[in-house]
Each structure stands twice: as C-alpha cells, then as structure tokens.
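J.: Test case, fold it:
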Amino acid sequence: MVFWEGYVSDELMGTIAPIVVYWLYGGLYQLLPPLDRFRLHSRKELNAKNSVTLPTVVKGVLSQQLLQATLAQSLFWVTAKMGLSSNTAQPPLPIQALQFLVAMLVMDSWQYFLHRYMHENKFLYRHIHSWHHRLVVTCAIGALYNHPLEGLLLDTFGGGIAFLVSGMTARTAVFFFCFATMKTIDDHSGLWLPGNVFQLFFRNNAAYHDIHHQLKGLKYNYSQPFFSVWDRLLGTYMPYDLVPRREGGLEARPSKD
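T.: Numbers count the residues shown, from 1 in each chain. A predicted model of the protein is given here:
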C-alpha cells in the first residue's frame, strides 16, 4: 500500500509526483546556503558565463512540464487500457528492481544517442540543443531547461519508451520517474557534497556532467542520467580530477587517464 492509494490513481500520481519532486528537490538546492567550498564553479562564474536568467529558466521548465504532463497522462491512459492500470497487482520486489534497471538502461541508451546527435548535427545544436548549454555553469532548477522539442524528444519520449520496454506498472513508474528526476537535478546542481548518495554510487554525476558543459568537454560525456557505459564503449568518455580552486571550492578538470 502507498500513501496516495484511495486518493488519486497511480497514473495521476505518476504524472504529478515527478513535477512536485522537481521543484521541491531543485528548490532545496537553490535555497541552500552559499556552500562555496563545495561548488564546482564560483558564484562569479555563474553570473558571468550563463547567458540565460533564472526567471527564463523557470518559465522554460514549466512549459516543458506542462507538455510532459499532458503526454504522460495520455500514455498512462493507453497502458491502462492494455492492462497496466492501478488495479494491476504489483510484481515481487526483485522483478520491480529488474524493471528499474531495464528502464535505466533504456533511458540511458535513448538519451546518449539522441544527445550525441544533437551535438554532432550543427543545425540541431545551434537551433535546439544550444538552449540547454546556455547554462555553462549548471544549476539544479535548470536540469530540465531545454528547447521544447528537445524536452519532448529527449526526456518525455525517452521516459515513455523506458516505461514501456521495462513493463513496469504505473505504480512502479511513480518511484522510477521521481528517482530519475532527482538524479537529473543532482547532476546539474553544480555541487560536490560529501555523503551525497548519487555521487557515491554513480560515476555519472555532477562533476561528470559539469565536464560536458565546459567548452573543452562539449564533445564528451554525453551519457545521462545514470551510467557512463556508452561514453566508455564509444570513445566519448572524458575522465576528470577534482582539484581545489584557489578562491575556494572544487573544480572538475579533464585528466589524462
């Protein structure tokens, strides 16, 4: 039993919960004290390098989430008709764990190849993917700041395909999409916090993705949001070292390993 049972359907929860989690978890990062000793970039760089304002980022994310919610409800409606409804019995936990892993691998594969293509195709990069790279210094709230078409193709379609291929129920999807949302936010937080579980258990983390947002790493570290498998297999992996900055904090620098 889950806390929303009897109040809202699993399908509705799977639509609204990731949005609520995005603003609660991302907002928490935005409201944290300066924590300059844990930042991958100084606050001066944040203001100097980014070419988009925070209000514009917020509006862009909200627009994407509106479209995402509409399509998610449509997908859940279709799969409910196919028998994957909130009334379907949950499989045993080991099966759900396997579905989680399959969904993670599918989402990673979808996002790697589409993300890489958006970098290699000059037209797509200039007119679509460059929106996300307006945030040279990433921030938690900007994790889903993309061109609307990219948001649709990369995130919404990627999540939908992962859901369908894994065979998870709508209830399991609530937890999966909330987890994926938190992981993406963490990767864009620009912070290297001690004890952070995402940074402890995933090599694809805030520092890994920070390398990708730097000019020297623009053609590397495409993998997101979970693993670095495709980068390592296809020669787009850029290792890094975390080194102290003179003015305080840490910096992710490409290494020669």
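J.: Show the contacting residues for the closest residue to residue 32 other than its chain neighbours.
T.: Nearest in space to residue 32, with sequence neighbours left out and distances taken as Cβ to Cβ, 6 or more residues apart in numbering, is residue 191 at 7.8 Å. Any C-beta I mention is one placed from the backbone N, CA and C, and that applies to glycine too. Counting by Cβ atoms under 8 Å, 6 or more residues apart in numbering, residue 191 touches 29, 32, 35, 38, 39, 40, 206.
J.: Burial check on the second one, number of neighbours?
T.: In terms of burial, residue 32 registers 13 neighbours under the definition other Cβ atoms under 10 Å.
J.: Ok, residue 234 next?
T.: By other Cβ under 10 Å, the burial measure for residue 234, its neighbour count, is 13.
J.: picking that back up, and the residue nearest to residue 32, bridged to which residues?
T.: Beta-bridge partners for residue 191, by DSSP bridges, are residue 39.
J.: so how far is residue 221 from it?
T.: Noted for residue 191: a distance of 18 Å to residue 221, by Cβ to Cβ, to the nearest Å.
J.: any idea which residue sits dead centre in the chain?
T.: residue 184 (2.5 Å; Cα atoms, centre = their mean).
J.: pretty sure that one is in a helix, no?
T.: Yes: counting by DSSP: H, G, I helix; E, B strand; the rest coil, residue 184 is found in a helix.
J.: Could you verify my assumption that it touches residue 226?
T.: No: using Cβ atoms under 8 Å, residue 184 is not in contact with residue 226, being 9.6 Å away.
J.: can you give me the helices for this protein?
T.: 10-31, 43-49, 54-81, 93-120, 122-127, 148-150, 157-166, 170-187, 197-201, 206-213, 229-234 (DSSP state H).
J.: Please convert these to a markdown table, extending it with distance to residue 243.
T.: Shown next, in a markdown table, are those (distance: least, Cβ to Cβ, whole Å):
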| stretch | distance to residue 243 |
| --- | --- |
| helix 10-31 | 23 |
| helix 43-49 | 15 |
| helix 54-81 | 28 |
| helix 93-120 | 26 |
| helix 122-127 | 29 |
| helix 148-150 | 32 |
| helix 157-166 | 33 |
| helix 170-187 | 20 |
| helix 197-201 | 16 |
| helix 206-213 | 11 |
| helix 229-234 | 21 |
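J.: Quick check: which of those is nearest to residue 242?
T.: Among these, the nearest to residue 242 by Cβ to Cβ is helix 206-213 (6.0 Å).
J.: Touching the closest one from outside, list them.
T.: Taking Cβ under 8 Å, 6+ apart as the rule, helix 206-213 contacts 40-41, 133, 135-138, 186-192, 198-199, 217-218, 220-224, 228, 238, 240, 242, 250, 252, 254.
J.: pLDDT at the nearest residue to residue 105 once chain neighbours are set aside, what is it?
T.: In space, residue 105 comes closest to residue 227 once its chain neighbours are excluded; the distance is 7.5 Å by Cβ to Cβ, 6+ apart. You'll see residue 227 listed with a pLDDT of 97.
J.: Tell me which residues touch residue 227, please.
T.: 104, 105, 108, 202, 203, 204.
J.: ok, now with 10 Å
T.: Going by Cβ atoms under 10 Å, 6 or more residues apart in numbering, residue 227 touches 104, 105, 107, 108, 109, 112, 202, 203, 204.
J.: Now stretch 120-132: buried residues?
T.: 124, 128, 129, 131, 132 (16 or more other Cβ atoms under 10 Å).
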